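return a 3D structure for these sequence lines:
(chains A and B)
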Number of protein chains: 2
Amino acid sequence: MAVQHFFTTLFFSLFITSLSSSFQPLASSSSPFNHPPRFPTTTNHPRSQARPNEAQAPDYRYETRYFTQQLDHFSFLELPTFQQRYLINTEHWVGPQRLGPIFFYCGNEGDIVWFAENTGFLWEIAPQFGAMVVFPEHRYYGESVPYGGREEAYKNATTLSYLTAEQALADFAVLITDLKQNLSATDCPVVLFGGSYGGSGVPLEEEGSWGSHHLRPNLGDEPIAISLLAAWMRLKYPHIAIGALAASAPILQFEDIVPLETFYDIVSSDFKRESSTCFNYIKHSWNEITSIGQTRNGLVQLSNTFHFCQPLNKTDDLWNWLESAYSYLAMVDYPYPANFMMPLPGHPIKEVCKQIDGQPAGTSLLERIYEGVNVYYNYTGETKCFELDEDPHGLSGWNWQACTEMVMPMSCDPESSMFPPYKFNYSDYEEGCVRNYGVKPRPKWITTEFGGHKIDATLKKFGSNLIFSNGLLDPWSGGSVLQNISESVVALVTEEGAHHLDLRASTQNDPDWLVEQRATEIKLIKGWITEYHQKNKVMFDML
Amino acid sequence: MAVQHFFTTLFFSLFITSLSSSFQPLASSSSPFNHPPRFPTTTNHPRSQARPNEAQAPDYRYETRYFTQQLDHFSFLELPTFQQRYLINTEHWVGPQRLGPIFFYCGNEGDIVWFAENTGFLWEIAPQFGAMVVFPEHRYYGESVPYGGREEAYKNATTLSYLTAEQALADFAVLITDLKQNLSATDCPVVLFGGSYGGSGVPLEEEGSWGSHHLRPNLGDEPIAISLLAAWMRLKYPHIAIGALAASAPILQFEDIVPLETFYDIVSSDFKRESSTCFNYIKHSWNEITSIGQTRNGLVQLSNTFHFCQPLNKTDDLWNWLESAYSYLAMVDYPYPANFMMPLPGHPIKEVCKQIDGQPAGTSLLERIYEGVNVYYNYTGETKCFELDEDPHGLSGWNWQACTEMVMPMSCDPESSMFPPYKFNYSDYEEGCVRNYGVKPRPKWITTEFGGHKIDATLKKFGSNLIFSNGLLDPWSGGSVLQNISESVVALVTEEGAHHLDLRASTQNDPDWLVEQRATEIKLIKGWITEYHQKNKVMFDML
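Residues are numbered from 1 along each chain as shown, chains lettered A, B, ... in the order given. Sure thing, here's the model as predicted:
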């Protein structure tokens, strides 16, 4: 049932809410990304239907606690503190005398309960390590918001200003330190995990609860930072933790460290490897959409073709709806059926292309495309028509982060990509952030603070006990570490893997390579702990 | 001419300005440190006399530049930027093609021009390395103050709140990154240096210029953080610099990592090793002062004995005046004559003890003490009477730092120390900070952020290319790293060394061990650069 995290392109998600009102519409054929893409929204997917297997949350037991955190760790401005929520389970922990490990999940942008429930790997392996499990919530998400509540915290750039990765890492460092002291466990080794959101269609950072009727999937709006945090935490706080498993962490997706076309090239090649015909159909569809959209009644015609409940206002909305589907399909191109945004078959891209390619001769190009994305948006066949969410509301936490430090530039190559050509333009990006958030990004800050250029040399010299796990079908893998750096900075790459399954609970459907990947991770983590114990001259038998 | 940095005890210096109005006076004999010590002040030491050899600044050529810095690197609060001053010399730099090194001095709490002039080692070795030399100024000091000027910047806890070590390190990281990009020198290796203030009697952080008539030496009020910064920078920004020379960096002087008595024990043993009689005279003098102070006319009598221009208001002032002398003498117990706070003979503690011990039989205890400290306060014999500065004004940058993150607890052991017994009391400390600065310290933050406990393990695993140089006579050495951690984390310890001479310009008086120490440092730094060049497959002959 492994279901995965929803990264969409930063760039896309950023512009979804931030730039909708700011940019002049351009001809769609020249630069789709200057138009605000929309989150895909389905009308007939209330949670109970969309996520049938997840209605019963897994039976992970934990205690919920709260810890008082500084809002700004790096200044002494008089600011209100806030309560950071964390979930903790010590029932398998062998305690401080035996130096029982502490498994610490670097909470990402959303409700920590969700992450805890979707990171089965930790719960499954904790007993054999005699480990305590801790899931701290990321500041500004879930219940861990300052200023008394989400509305106040997200009010403006001033209240949002402390939503940064460095502050979140400092929260973790302070929490771990305090926790260990309180448990007389200062000598117990901490292992970090960075996973990603695995929920489905849940507006994680919206006020709405799971039962919300305004079901607006947070498609990629969030979960990038997560595994970034585990990797960065390991690098910046080596005295705090003995190792980290950073699953699908695109630590190189900044500035020009990897080619800007990487993300969309991988999405495209995921389609091409299934079928070059399919790839070409998609590639040619964009202009076709634009052409039809420009004709009389063209938007109505497109709306009919794609079964929208209401007529489209502009072709860009359709472009974005399609782009979202393709990008997510690439992220979750898993080898077995899964239920993430919506239920999907195994190898969903293969299924999409089968539909696109397999229509009878004479089927129009856009009809083919519709049949393809229908696999993504409506695999259960229950959706009668699709609705585009025209009113994304409120500031999004991740969009704020993208408009401040998490600037991940992306372009589309006219040759290798099936997407319309696009060249990232930083001025436009900045302008949008200033207009919509009242904030100027610092696009070079992340690499200044955490490194990135020549990461090999840095990791070789300073990194250790660090696992970068990636599936090559995942478009985020292109921005991660895919080669072993040293004996203890290891890349676990799965050719048929997509956006990290490894942190999810095991299932009967797990392919061998996934079973092996998890076994390797367990072995490496055991190695770190054994080495630590040996150094601390404490006899400790792995349970 | 080697002259050294002026660290006084954090604790002492902190209370100088911060606690003067806040604590109830206690019986001096029980807890001297609950009383505000005073900076020692001499009346007849205008700069031209006090620093005869430094009147002509050394002929180090540099260009002065300014760089726009964020006031808070870790939030996106809308704040004014500020101009960070830095001095740069590229005349010996062999340039980017040959991967010419960049020697980067981590500016400390004071005017950077002073540090540049007092860190001759960098200037002397730059040519043989073909290195560029950069001296950035620490935020909130010298000209690099936010809010338009020192008065505004030091107005209150809000304006001071961004005066933290993490922000200063981020300034350095951003500056180096930008500088390298502008010079097309992104591949050039950076070597960090942490030295310390070497000026003399100059109120570094006062508005006053060198010619100020209000000469208030910043005795130890400042320069701790400096070399701390070089070490921490190396640990937190390993991607920025290839190595660091951290001279006299007490990175373990936090919490209870080293025994709280360490600092004063070293001061005491510096005296004891010269003469146990001397040690005992000093040890017994405190009660004698208190006894006399409690008698009728006792304060006048004490004032006469110690040649104060005005009568003492309380015996505490005398205690503090003496403590300052002893602590500084320990820091600058150099083997040859030097001119720091005031001109001093070589082995000044030996000279002080010679005076204390050598007075004719029948000389009173306090007369002996006076003759001893007179060596420190009045070696030239020009001072007719001493004046205690009764009005230290304004917030001090270092005191602010001590009241926020730089909490270095210190006690005095009744057995091993020649000082009155004292047990550090954190509640009192905090109370003083709240009352005087409106700020609550975060005493555990430094070790959470930078580590400290089990530093060996952390440095062994993550540190490299790091030199900790210390002289064992220096009371700060007890809080530093005194043993080699690994092949490339090296402790250079000089038994006869005091507070680091190694970064100063060489002189004809340098003892062999100092010459050797500097040669070793050069050799190690060369090794780092050679290794870096080899890794970068660039032929580069050391010039």
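
whatever helix or strand residue A:244 lives in near chain B anywhere?
Following DSSP states H and E, one finds residue A:244 within strand A:243-247. No. Contact of strand A:243-247 with chain B is not found when judged by CB under 8 Å from any CB of the partner chain; the minimum separation is 10.6 Å. No exception for glycine: its C-beta is placed from N, CA and C like everyone else's.

what does that strand rub up against?
With contact meaning CB atoms under 8 Å, 6 or more residues apart in numbering or on different chains, strand A:243-247 is reached by A:191-196, A:227-228, A:230-231, A:233-234, A:464-470, A:500, A:502-503, A:521, A:524-525, A:528.

what are the ranges of the strands in the stretch 51-200 of chain A?
Secondary structure of the stretch 51-200 of chain A by DSSP state E, counting those that start in this stretch: the strands cover A:63-69, A:82-89, A:102-105, A:132-136, A:190-194.

for the residue of the stretch 151-300 of chain A found nearest chain B, the count of nearby residues, please.
Of all residues in the stretch 151-300 of chain A, the one sitting closest to chain B is residue A:239 (3.2 Å; CB to the nearest CB). Close neighbours of residue A:239, defined as other CB atoms under 10 Å in any protein chain shown, add up to 23.

helix, strand or coil for it?
Secondary structure state of residue A:239, per DSSP: H, G, I helix; E, B strand; the rest coil, is coil.

next, count neighbours for the nearest residue to it once chain neighbours are set aside.
Nearest non-adjacent residue to residue A:239, counting by CB to CB, 6 or more residues apart in numbering or on different chains: residue B:451, 3.2 Å away. Per other CB under 10 Å, the neighbour tally for residue B:451 reads 25.

out of the contacts of strand A:243-247, which are close to chain B?
The subset of the contacts of strand A:243-247 within reach of chain B, by CB under 8 Å from any CB, is residue A:464.

contacting residues around residue A:532?
With CB under 8 Å, 6+ apart, residue A:532 has these contacts: A:99, A:189, A:242.

give me that answer again for 7 Å
Counting by CB atoms under 7 Å, 6 or more residues apart in numbering or on different chains, residue A:532 makes contact with A:189, A:242.

repeat for residue A:183
residue A:96.

what pLDDT does it get?
Looking at residue A:183, its pLDDT reads 95.

quick one: it and residue B:331, what's the gap?
Between residue A:183 and residue B:331 the distance is 40 Å, computed by CB to CB, to the nearest Å.

how about residue A:58?
To residue B:331, residue A:58 is 61 Å away according to CB to CB.

same check on residue A:412?
For residue A:412, the distance to residue B:331 (CB to CB) stands at 62 Å.

please identify which of these two sits among more neighbours.
Neighbour totals were compared for residue A:412 and residue B:331, and residue B:331 leads with 30 against 25 (other CB under 10 Å).

my read: that one touches residue B:497, true?
No. The pair residue B:331 / residue B:497 is not scored as a contact, 10.8 Å apart, by CB atoms under 7 Å.

now the common contact residues for the two.
With CB under 7 Å, 6+ apart, residue B:331 and residue B:497 have common neighbours residue B:474.

filter the contacts of strand A:243-247 to the buried ones?
Buried residues within these, defined by neighbour count using 16 or more other CB atoms under 10 Å in any protein chain shown: A:191-196, A:227-228, A:230-231, A:233-234, A:464-470, A:500, A:502-503, A:521, A:524-525, A:528.

in strands, which of the residues you listed fall?
A:191, A:192, A:193, A:194, A:466, A:467, A:468, A:469, A:470 (DSSP state E).

contacts for the one helix or strand residue A:268 maps to?
Assigned by DSSP H and E, residue A:268 belongs to helix A:262-274. For helix A:262-274, the external contacting residues (CB under 7 Å, 6+ apart) are A:9, A:278-279, A:282, A:326-327, A:330, A:333, A:349-350, A:353, A:410, A:412-413, A:416-419, A:473, A:475, A:477-479.

quick check on the residues you listed: which are buried?
Buried among the contacts of helix A:262-274 (16+ other CB under 10 Å): A:9, A:278-279, A:282, A:326-327, A:330, A:333, A:349-350, A:353, A:410, A:412-413, A:417-419, A:473, A:475, A:477-479.

sort out for me which of those residues are in helices.
Mapping these onto helices (DSSP state H) picks out A:278, A:279, A:282, A:326, A:327, A:330, A:349, A:350, A:353.

I figured the second one was touching residue A:418, is that so?
Yes. In this structure, residue A:279 sits in contact with residue A:418. The criterion is CB under 7 Å, and the distance is 5.2 Å.

next up, the contacts around residue A:312.
Residue A:312 is in contact with A:299, A:302, A:303, A:318, counting by CB under 7 Å, 6+ apart.

go on, residue A:84?
A:66, A:67, A:69, A:136, A:137, A:139, A:144, A:171, A:175.
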